[in-house]
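J.: The following block contains a protein sequence and its predicted model.
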Amino acid sequence: MVYTGRVQGVGFRYRTSAIARRFAVAGYVRNQPEGSVELVVEGEARELDAFLREVRDALENNIRDEKFDAQTASGEFSGFEIRH
């Protein structure tokens, strides 16, 4: 996912990380140089859907647009982290 809007400098990554702890997902969230936030996440479809819905609901006032790019899970993540 790539989120645009008022998504940097507002606790977006920290809030997303806190939400991730409540779901069986793995991956990372990080700010991008042009002002967007990138979210890479893996998990079972049901968990992913619920997690992404929670992120959207919690941060909808900051999100102007979101771009979804589904790919095959790599299995490289063992947890969820904030990357810098």
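T.: Received it, and whenever you're ready, just let me know what you need. Residues are numbered from 1 along each chain as shown.
J.: list the buried ones in the longest helix along the chain?
T.: With DSSP state H setting the assignment, residue counts place helix 45-59 as the longest helix in the chain. Buried residues in helix 45-59, counting neighbours by 16 or more other CB atoms under 10 Å, are found at 48, 50, 51, 52, 54, 55, 59. Placement of C-beta: from N, CA and C, glycine included.
J.: With stretch 12-21 instead?
T.: 12, 13, 15, 16, 19, 20.
J.: How about stretch 65-78?
T.: Result for stretch 65-78 [16+ other CB under 10 Å]: buried residues 66, 77.
J.: Show me the buried residues of stretch 12-21 that map onto helices.
T.: Reading helices off the buried residues of stretch 12-21 with DSSP H, I get 12, 13, 15, 16, 19, 20.
J.: And the furthest pair within the residues you listed?
T.: Farthest pair in these (CB to CB) is 12 and 20. Separation: 12.5 Å.
J.: now residue 46: how far from residue 52?
T.: Using CB to CB, to the nearest Å, one obtains 11 Å as the distance from residue 46 to residue 52.
J.: no wait, residue 17
T.: Relative to residue 52, residue 17 is positioned 14 Å away (CB to CB).
J.: and if you look at residue 27?
T.: 11 Å.
J.: Mutual contacts of these two, please.
T.: Common neighbours of residue 27 and residue 52, counting by CB atoms under 8 Å, 6 or more residues apart in numbering, are residue 41.
J.: was I right about residue 29 contacting residue 83?
T.: Yes. Using CB atoms under 8 Å, residue 29 is in contact with residue 83, at 7.1 Å.
J.: Which one's more surrounded, those two?
T.: residue 29 (24 against 11; other CB atoms under 10 Å).
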